[in-house]
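Peer 1: Got a predicted model here, sequence first, then my questions.
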Amino acid sequence: MSGYKLKSAGFALYGERWVEGLSKLLGVSTRSVRRWGNGSASIPAGVWVEVHRLMQLLEYEVKLTRLDVLEEIGDE
């Protein structure tokens, strides 16, 4: 199940290029990310920490941008 969860998180962050995106974020090879995603290798705990950190950062950025968009809507 962890591989599926990693794929889901990666796709939410990077879309179709999730393997490459996570590879760059984590400083590992695309092969490692693929192996984690397909369940042929266990996922180190530090991977989850970094994925969570990035998700929090993007969530914050989306909230700020949403406020900007709502402000523009209100200015019409």
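Peer 2: Sure, I can see it.

Peer 1: Okay, buried residues for the host helix or strand of residue 55 please.
Peer 2: Assigned by DSSP states H and E, residue 55 belongs to helix 45-74. Residues 47, 51, 54 are the ones in helix 45-74 that count as buried (16 or more other C-beta atoms under 10 Å). The way it works is simple: take the backbone N, C-alpha and C, and place the C-beta from them, glycine included.

Peer 1: wait, the second one sits on residue 6?
Peer 2: Yes: distance between residue 51 and residue 6: 7.4 Å, which falls inside the contact criterion (C-beta atoms under 8 Å).

Peer 1: Mind listing the shared neighbours of those two?
Peer 2: Shared contacts of residue 51 and residue 6, defined by C-beta atoms under 8 Å, 6 or more residues apart in numbering, comprise residue 22.

Peer 1: got the contact list for the residue sitting nearest the centre point of the chain?
Peer 2: By C-alpha atoms, centre = their mean, the chain has its centre lying nearest to residue 13, at 3.3 Å. Neighbour list for residue 13: 21, 22, 51, 54, 55, 58 [criterion: C-beta under 8 Å, 6+ apart].

Peer 1: Just the pLDDT for it.
Peer 2: Residue 13 carries a pLDDT value of 93.

Peer 1: what's the helix or strand for it?
Peer 2: Per DSSP H and E: helix 2-14 holds residue 13.

Peer 1: give me the number of residues near residue 22?
Peer 2: 27 (other C-beta atoms under 10 Å).

Peer 1: So which elements touch the helix or strand hosting it?
Peer 2: Taking DSSP H and E as the definition, residue 22 sits inside helix 18-26. Judged by 3 or more C-beta pairs under 8 Å, 6 or more residues apart in numbering; DSSP states H and E, the packing partners of helix 18-26 are helix 2-14, helix 30-38, helix 45-74.
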